[in-house]
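>>> one predicted model, sequence on top.
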Amino acid sequence: MVATPVAADGVVYAASSYDTQAMFAIRLAGANGDITGTRQVLWSRRRSTPYVPSPLLYGDSIYFLRHYQGILTRVEKASGREPHGTLRLPGIGNIYASPVAAAGRIYVSDRHGATIVLSHDKPPEILALNHLDEGVSASAVLVQNDLFLRGHHHLYCLSESKAAPRP
C-alpha cells in the first residue's frame with residue numbers, strides 16, 4: 001500500500017493499486033486477525049483504486065484518484081457506492097499529490113503545475129484550473145485562508161486578496 005489510509009467514526013478506509021487494485025472500509029472495533037469475510041469489512045471495491053495519492057475523506061464522501069490519472073472518483077463513505085460515476089479532470093494528468101479540501105472545495109494538483117478546484121456538490125463541478133510555472137508532487141497544505149503548494153523549486157502561498165479600501 002502506498003496511499004495513506006484515512007479514518008473516521010471508527011472505520012478505516014485503505015486502498016491500493018500497486019500490485020492488486022483493492023479498497024476496503026474496515027470497522028476497527030473488534031477487528032483482530034484475518035477479517036476476510038467478516039462483518040468488520042463494511043464494503044470493498046476491486047477496480048479504479050488509488051495508488052500514490054491518498055484518498056480524501058470529506059463529509060460523507062471519499063474522493064480518490066485513479067492511479068496516476070486525472071480521473072476522480074467519489075464514493076459514499078458508508079456504503080462505497082459511486083452514485084455519480086467518475087469525473088475526468090481536464091488539464092490534470094500525472095498526479096502524486098493527495099487531494100485536499102476546505103470550505104466546500106476540493107483541490108487537486110499535478111506534476112506539471114496545474115491545480116484544479118472542484119465543488120463538493122453531488123456531482124462535483126469544476127470551478128477553476130490554475131497553473132504554476134513548475135510541477136507539484138507534494139500534497140497541498142491548507143492553513144486558515146491560505147493554500148500552500150510546494151513546487152519542485154519554490155514554495156507558493158495562495159491567499160484571497162483583499163483590496164484596500166479606496167479613500
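Right, received. Where do you want to start?
>>> what's the neighbour count on residue 80?
16 (other Cβ atoms under 10 Å). C-beta: built from backbone N, CA, C; applies to glycine.
>>> got a list of what it touches?
Under the criterion of Cβ atoms under 8 Å, 6 or more residues apart in numbering, the neighbours of residue 80 are 23, 25, 42-45.
>>> kindly reformat those as TSV containing pLDDT, neighbour count and secondary structure.
Shown next, in TSV, are the contacts of residue 80 (pLDDT from 0 to 100; neighbours: other Cβ atoms under 10 Å; DSSP: H, G, I helix; E, B strand; the rest coil):
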residue	pLDDT	neighbour count	secondary structure
23	93	25	strand
25	96	21	strand
42	94	15	strand
43	96	17	strand
44	93	15	strand
45	93	17	strand
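>>> would you reformat these as a markdown table and include distance to residue 10?
Output for the contacts of residue 80, formatted as a markdown table (distance: Cβ to Cβ, whole Å):
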| residue | distance to residue 10 |
| --- | --- |
| 23 | 18 |
| 25 | 11 |
| 42 | 10 |
| 43 | 15 |
| 44 | 17 |
| 45 | 20 |
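>>> what are the buried residues along stretch 17-31?
17, 21-27 (16 or more other Cβ atoms under 10 Å).
>>> out of the contacts of residue 80, who's nearest residue 129?
Using Cβ to Cβ, residue 23 comes nearest to residue 129 of those, at 27.2 Å.
>>> what about the closest one, distance to residue 100?
Per Cβ to Cβ, to the nearest Å, residue 23 is found 19 Å from residue 100.
>>> same question, residue 109
9 Å.
>>> those two: which is more packed in?
The neighbour count for residue 109 versus residue 100, taken as other Cβ under 10 Å, is higher for residue 109 (29 against 19).
>>> run a quick neighbour tally on residue 99.
Neighbours of residue 99 using other Cβ under 10 Å come to 23.
>>> can you name the residues bridging to the closest residue to it other than its chain neighbours?
Closest residue to residue 99 apart from its sequence neighbours, by Cβ to Cβ, 6 or more residues apart in numbering: residue 56 at 4.3 Å. Counting by DSSP bridges, residue 56 is bridged to residue 63.
>>> wait, residue 56 sits on residue 98?
Yes - with contact defined as Cβ atoms under 8 Å, residue 56 and residue 98 form a contacting pair (6.6 Å).
>>> need the residues touching each of the two.
By Cβ under 8 Å, 6+ apart, no residue touches both residue 56 and residue 98.
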